[in-house]
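[1] Structure of the sequence below:
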Amino acid sequence: MRTELQQYVRVYPNALDREFCENMIAAFEGHPERLQTNGKSESSGLAQSSWVELDVGKHLPQPVAKHFIDNALRHKRLYERECQIEPPLPETGRYAQLIMKRYAAAGGDGFQPHYDSLGPVSNRFLVFLWYLNDVERGGETDFMDLGVKVPPRQGTMVIFPPYWMYRHRGCVPESGDKYILSTYALW
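    Numbers count the residues shown, from 1 in each chain. The predicted model follows:
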């Protein structure tokens with residue numbers, strides 16, 4: 001049996017419900033003083049990237065933060081079954097910060113081609129990304145080398161490995177801002 005890299009990019013619609021997503025966006029926008037700019041103005045190597053973010057894990061009530069980890073773990077197990085990963089990936093109980101990002105359409109925000117496990121974050125072994133809103137034009141997560149583009153649809157979760165063969169970019173949202181949440185399973 002031949003394994004194709006594309007099979008390890010998995011999309012799970014309705015991983016989060018509409019109301020939950022909308023409440024997360026409202027809470028994010030309700031506290032502009034907590035938001036941090038990232039990308040070209042803050043980090044070397046991100047000259048073609050820009051967004052605003054918040055480490056929501058620092059501000060969420062414990063039951064809500066646990067909801068995300070439980071959601072990630074439930075989908076990780078489904079991912080392992082669908083991808084026929086044997087033995088299963090470890091359940092270390094370790095996750096990176098839960099980061100929420102806004103990519104502004106008006107600002108031309110996006111994330112240049114990159115991969116998610118290198119240098120100080122090389123302990124990541126699985127990406128969990130949730131879209132919190134629909135974007136009709138643009139805003140896809142584009143795995144350019146694999147020919148896979150995932151459009152942002154509210155409540156959808158994407159899971160994939162963070163390594164160099166899964167180089168991807170966050171395309172600029174054209175029809176409206178894009179909101180995502182992400183974390184990583186850690187070794």
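
[2] give me every residue that touches Y103.
    Contacts here follow CB atoms under 8 Å, 6 or more residues apart in numbering; on that basis Y103 touches 51, 109-111, 139, 170, 172-173, 177-180. For every residue, glycine as well, the C-beta is placed using N, CA and C.

[3] I'd like the list of those that fall within strands, please.
    Among the contacts of Y103, the members falling in strands (DSSP state E) are 51, 111, 170, 178-180.

[4] Let's see if you can find the most crowded of those.
    Greatest neighbour count in these, by other CB atoms under 10 Å, goes to K178: 28 neighbours.

[5] isn't that residue right next to N133, touching?
    Yes - taking CB atoms under 8 Å as the contact criterion, K178 and N133 are neighbours in contact, 6.8 Å apart.

[6] overlap in contacts of those two?
    Among the neighbours of K178, those also in contact with N133 (CB under 8 Å, 6+ apart) are P152.

[7] Strands of the chain, start to end?
    Using DSSP E, the strands of the chain run over 10-12, 36-39, 50-55, 99-103, 111-114, 124-131, 141-143, 148-150, 157-160, 168-170, 178-186.

[8] As CSV, the contacts of Y103 with distance to M157 and pLDDT would be great.
    Conversion of those to CSV gives the following (distance: CB to CB, whole Å; pLDDT from 0 to 100):
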residue, distance to M157, pLDDT
W51, 19, 78
D109, 21, 90
G110, 20, 88
F111, 18, 88
G139, 16, 98
G170, 15, 94
V172, 22, 94
P173, 18, 97
D177, 19, 97
K178, 15, 97
Y179, 14, 98
I180, 10, 98
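
[9] Going by distance to L118, which of the residues you listed wins?
    The shortest distance between L118 and any of these, using CB to CB, involves F111 and amounts to 14.7 Å.

[10] separation between the spatially closest residue to E80 that is not a sequence neighbour and K76?
    The shortest distance from E80 to any non-neighbouring residue, by CB to CB, 6 or more residues apart in numbering, is to P88 (4.8 Å). According to CB to CB, to the nearest Å, P88 and K76 sit 9 Å apart.
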